[in-house]
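*Asks:* task: produce atomic coordinates for the following.
(one chain, ligands or ions: 1)
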Amino acid sequence: MRKILVIGAAGQIGSELVLELGRRFGDDAVIASDVKDECPEALKDFKYTQIDVLDNKKLRNCVQQEGVTEVYLLAALLSATAEQQPKFAWQLNMDGLFNVLDLAKEGIIKKIFWPSSIAVFGPSTPKNNTPQQTIMEPTTVYGISKQAGEQWCAYYHEKYGVDVRSIRYPGLISHASLPGGGTTDYAVDIFYHAKEHGEYTSFLGEQTALPMMYMEDAIRATIELMEAPGENIQTRTSYNLAGISFTPKDLADAIRKHIPDFGIDYAPDYRQAIAATWPASINDEVAQKEWQWKMKYDLDKMVTTMLENVQPERLFKK
Ligand code: SER
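*Replies:* The predicted structure follows:
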């Protein structure tokens, strides 16, 4: 019987992934876990267990007691936060991965999803239409941890036959959950400010193009990758996904189609330097070919959906 453990279930991806896994496979097939003591309200229908992914013993006990067969490991520090705590980010992002990879190496679990990121690329990477395989010299702690993690995933697959699958997520945009500590977070923030105040100050510069993706596409990609036949998955580092590439100015222009007076100004901070090292657009032909990936949300559809659904009161307490 399938039993799925989602680690990092209270985070931006986790909170939506748990709900979708529940819809597809039944709520009883999914266990949500996070370092937080309290189960998030949105996940109250699921079994919840507090786990720090660095607590190997507790993780193992949970996996064995519950008969877990698959793990989605989403606990990590993102790019901006990781720069403030480099050693801890390395420890969390790497040791957490090893704890889960080893469970699969020992045959205790059967399958792993682990997210990588566009942050694996760096200033020497071709900036436009970045290929699946190319120069990767990341300059952030987060990027270094993701690049190393990708190589470890490929190594565990090759040496021990571990079925681990991964996506290099672009920046993720959602109305249901908030991001925390990323360089791409402006593209979520902007919707709350647009709806509440009709204006926004972007911490990235006007012309900074980055690949982004609407959360529904990202969750669908994740589950489609995990459900694809194993022999199709020829890439065991991590897959490029293109998503939608746009600048803060492009996003503001798309918002203005709904809120004509929307105003934006730009005050780039330390995150601009991180964004400047990442690709502007990504080539995902390999994902299209190997597991038939196809995106559904373009910029206008994403903007329309976000403006219809964001609830500014969640961010601006009245
Ligand atoms: N969205 C992430 C970040 O900005 C990139 O994976 O850190």
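*Asks:* run through the bridge partners of residue 211.
*Replies:* Residue 211 forms beta bridges with residue 245, as assigned by DSSP bridges.
*Asks:* once you drop chain neighbours, what's closest to residue 50?
*Replies:* residue 37 (5.4 Å; CB to CB, 6 or more residues apart in numbering). C-beta coordinates here come from the backbone N, C-alpha and C atoms, glycine included.
*Asks:* just residue 252 next, same as before
*Replies:* residue 264 (4.2 Å).
*Asks:* how much space between the residue nearest the centre of the chain and the ligand?
*Replies:* By CA atoms, centre = their mean, the chain has its centre lying nearest to residue 169, at 5.2 Å. Separation of residue 169 from the ligand (CB to the nearest ligand atom, to the nearest Å) stands at 5 Å.
*Asks:* for residue 54, same thing?
*Replies:* From residue 54 across to the ligand, the span is 20 Å (CB to the nearest ligand atom).
*Asks:* what is the burial count for the residue nearest to residue 50?
*Replies:* When counting by other CB atoms under 10 Å, one arrives at 7 neighbours for residue 37.
*Asks:* helices along the stretch 201-318 of the chain, start to end?
*Replies:* 215-227, 248-256, 270-275, 285-291, 299-309 (DSSP state H, counting those that start in this stretch).
*Asks:* of those, which is nearest the ligand?
*Replies:* Comparing the helices of the stretch 201-318 of the chain against the ligand with CB to the nearest ligand atom, the closest turns out to be helix 270-275 (7.6 Å).
*Asks:* and that closest one with the ligand, contact?
*Replies:* No. Judged by CB under 6 Å from any ligand atom, helix 270-275 makes no contact with the ligand; its nearest approach is 7.6 Å.
*Asks:* and that helix, what's its mean pLDDT?
*Replies:* Averaging pLDDT along helix 270-275 gives 96.
*Asks:* how about the nearest residue to residue 93 once chain neighbours are set aside, what does it touch?
*Replies:* Of all residues beyond its chain neighbours, the one nearest residue 93 is residue 145 (3.8 Å), with distances taken as CB to CB, 6+ apart. Residue 145 makes contact with 76, 82, 89-90, 93-94 under the criterion CB atoms under 8 Å, 6 or more residues apart in numbering.
*Asks:* so how many other residues sit close to residue 201?
*Replies:* Using other CB under 10 Å: residue 201 sits among 13 other residues.
*Asks:* nothing else from me, thank you.
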